[in-house]
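> what follows is a predicted structure for the sequence shown.
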Amino acid sequence: MKLLLCYEMRGRRYACFAVLLAAIVFAAVCIAPVTADEFGHGEAWTETPTIYGGPMYGPADFTIAASGFDLSPEDLFEQSNVTLSNYISHFGRTVAPVALSSSSLPLNSLNLRKKLSVSALSASPGSEGYMGLPGVEVPEGQKLAAYGFQVLPTGQIMEYTCFVSADANDTAYAAAKEDLNEWLNFANEKVKIAGASIVDYAANVPLTLQEPGWIAQKTSGTIDYGEWGTVKLTSNWYWDDIAQNEKQDQFYVTAQVQMTPGQVTVGGLNFNQNHKMLLRIDPCHGQYLPNANACDDTPGNCFNEETVQCSIGTGGVGLAWIQKVAEVKVSRDAVEKWSLSFTGAGSSLGAGATREKMYTFKAGMRVVSSKSARNGDEYCISKNSVDAADAFSTLNYGLVNGPSSPDKIGHSLSIRWNGEKYKED
């Protein structure tokens, strides 16, 4: 697999990137001043007579969406980096309430913002923190069919990728485009939730910013293995700015795999079943965090339990979820690996139906790092991946497992500190 990260492309990108960044800064300086009455695309600001002459956060300006036969991962990665740099140069880590366009807020937040004081309107609720960076991993023998990237007004990034086989037909590309559109609708909902949380925070509503500590989410489009079934992976990364000591930072990672058995269309019993899956969270991938140490991984070994309570984090980021493992055996052969085996016989053999339905499994861990990561360099928190080899089985022609040799599906997240650099004592 080919990892397209910023530090691998610097040699050929610096000149182009400098020109683009200069253009972005020039555009920010030349934005025409906007009066309070003009702000918000027609929303009257009678309660807050102020003048704002800075750049505005509009979701479309910080969104990239592309689908088709001839996408270039390198070009899209370049565009994503420029979009993120544009955001940081205009807003820092978090957008101030006054700079949120009406398209980034629900109606109740637009009304609440009219009641804010001038000082509250201009205050940014977050000044320092880790920023997630875009990055695309292309499996060998696959082509990028759809790509999405979004910077939220609270500074998090969301990234979507969908790959198809090199010989995929028009139907596969159409499905990738449809999947991308669903993701874009989801991302737009997240934009408004994030924008609303900024206004609530400024109005002293007893709520915190959206998902405290959340850095990034990466989603793979549905990987279609034909009649065998489909697999999807979603990853989230967090930084806890409360539960830390003088020398360490705390990060949290979750990875969720969704597998759905397919339908056999020719002869036989006409069904497939979930068979097995391998999920991995690797905190020592690429340029990993200094003194990285994984701990608090969950869930542990378990077998045929109705539910397992999972949780990581105790400070500013507390993550908890319930994992169903009925008719599933979860084995841990290493801290970063979860091996799933489906033990139910399936309804065709008179037992349960866990094997025959969509099944979702979520795992997580804490990653501890030295604060020396706050030096402006790029570091990878983890690489999350699933191995779908023999993920499904069929009784159509005897007990047969497949797909036989699928490409691993994976995400990795690199981060960079945005703020004052850490100084060792």
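Arrived safely. Predicted model, so just to flag it, every value in this text is computed and none were measured. Numbering: from 1, shown residues only.

> could you check the pLDDT of residue 409?
Here the pLDDT value assigned to residue 409 is 85.

> partner residues bridging it?
residue 386 (DSSP bridges).

> that one: what's it in contact with?
139, 220, 223, 231, 233, 385, 386, 388 (C-beta atoms under 8 Å, 6 or more residues apart in numbering). Heads up, the C-betas are built off the backbone N, CA and C, glycines and all.

> make it 10 Å
Residue 409 makes contact with 1, 137, 139, 142, 161, 163, 220-221, 223, 231-233, 257, 384-388, according to C-beta atoms under 10 Å, 6 or more residues apart in numbering.

> ok, now residue 256?
Contacts of residue 256 by C-beta under 10 Å, 6+ apart are 219, 232-236, 279, 321, 323, 360-364, 384, 386.

> and the longest helix anywhere in the chain, which residues are buried?
Once the chain is assigned using DSSP state H, the helix that runs over the most residues is helix 170-202. Going by neighbour count (16 or more other C-beta atoms under 10 Å), the buried part of helix 170-202 is 172-173, 175-177, 179-180, 183-184, 187-188, 190-202.

> which stretches of the protein have low pLDDT?
1-51, 126-127, 207-211, 243-244, 265-270, 315, 345-353, 396-398, 425 (pLDDT under 70).

> domain parsing for it?
Split into domains by automatic domain parsing, the chain comes to 1-210, 223-418.

> got the end-to-end distance for the last one?
Domain 223-418 has its terminal residues 35 Å apart, counting by C-alpha to C-alpha, to the nearest Å.

> residue 320 should be in a helix, yeah?
No: Residue 320 is assigned strand when assessed by DSSP: H, G, I helix; E, B strand; the rest coil, not a helix.

> from residue 362, how far out is it?
11 Å (C-beta to C-beta, to the nearest Å).

> repeat for residue 378
Relative to residue 362, and taking C-beta to C-beta, residue 378 is found at 27 Å.

> ok, those two, which is more surrounded?
Per other C-beta atoms under 10 Å, whichever of residue 378 and residue 362 has more neighbours is residue 362, with 20 against 16.

> wait, is that one part of a strand?
Yes: counting by three-state DSSP, residue 362 is found in a strand.

> assign the residue lying closest to it once chain neighbours are set aside to helix, strand or coil.
In space, residue 362 comes closest to residue 256 once its chain neighbours are excluded; the distance is 4.2 Å by C-beta to C-beta, 6 or more residues apart in numbering. Following three-state DSSP, we place residue 256 in the strand state.

> ok, what's across the strand from residue 256?
Applying DSSP bridges, one finds that residue 256 bridges with residue 234, residue 362.

> picking up where we left off before, packing partners for the longest helix of the chain?
Using 3 or more C-beta pairs under 10 Å, 6 or more residues apart in numbering; DSSP states H and E, the elements in contact with helix 170-202 are strand 63-67, helix 107-113, helix 118-122, strand 142-151, strand 157-165, strand 214-220, strand 223-224.

> closest one to residue 245 among the ones you listed?
Among the helices and strands packed on helix 170-202, the nearest to residue 245 by C-beta to C-beta is strand 214-220 (19.8 Å).

> in that closest one, which residues are buried?
So, applying 16+ other C-beta under 10 Å, buried residues of strand 214-220: 214, 215, 216, 217, 218, 219, 220.

> just stretch 133-148 next, same as before
Applying 16+ other C-beta under 10 Å to stretch 133-148 flags 133-139, 142-148 as buried.

> look up which residues are beta-bridged to the residue sitting nearest the centre point of the chain.
Centroid check for the chain by C-alpha atoms, centre = their mean gives residue 217 as the closest residue, at 1.1 Å. When assigned by DSSP bridges, residue 217 has beta-bridge partners residue 158, residue 236.

> from the chain's centroid, how far away is the longest helix of the chain?
11 Å (C-alpha atoms, centre = their mean, to the nearest Å).

> which one of the contacts of residue 256 is nearest residue 250?
residue 364 (12.9 Å).

> the closest one reaches residue 238, doesn't it?
Yes: Residue 364 lies in contact with residue 238 (C-beta atoms under 10 Å); the separation is 9.5 Å.

> what is in contact with those two at once?
252, 253, 254, 312, 313, 319.

> contact partners for the closest residue to the third one other than its chain neighbours?
Put plainly, it is residue 254. The shortest distance from residue 254 to any non-neighbouring residue, by C-beta to C-beta, 6+ apart, is to residue 364 (4.0 Å). Residue 364 makes contact with 236, 238, 252-256, 281, 296-299, 310-313, 319-321, 323, according to C-beta under 10 Å, 6+ apart.

> surely residue 414 is in a helix?
No: counting by three-state DSSP, residue 414 is not part of a helix but strand.

> against residue 285, how distant is it?
Taken as C-beta to C-beta, the span from residue 414 to residue 285 is 10 Å.

> again, but for residue 193
For residue 193 relative to residue 285 (C-beta to C-beta), the value is 30 Å.

> and residue 88, backbone torsions?
phi -60, psi -40 (degrees, to the nearest 10).

> can you name the residues that contact it?
24, 131, 151, 155, 416, 418.

> neighbours of the closest residue to the second one other than its chain neighbours, how many?
Spatial nearest neighbour of residue 131, excluding adjacent residues (C-beta to C-beta, 6+ apart): residue 418 at 4.9 Å. The number of residues packed near residue 418 is 17, by other C-beta under 10 Å.

> all set, thanks.
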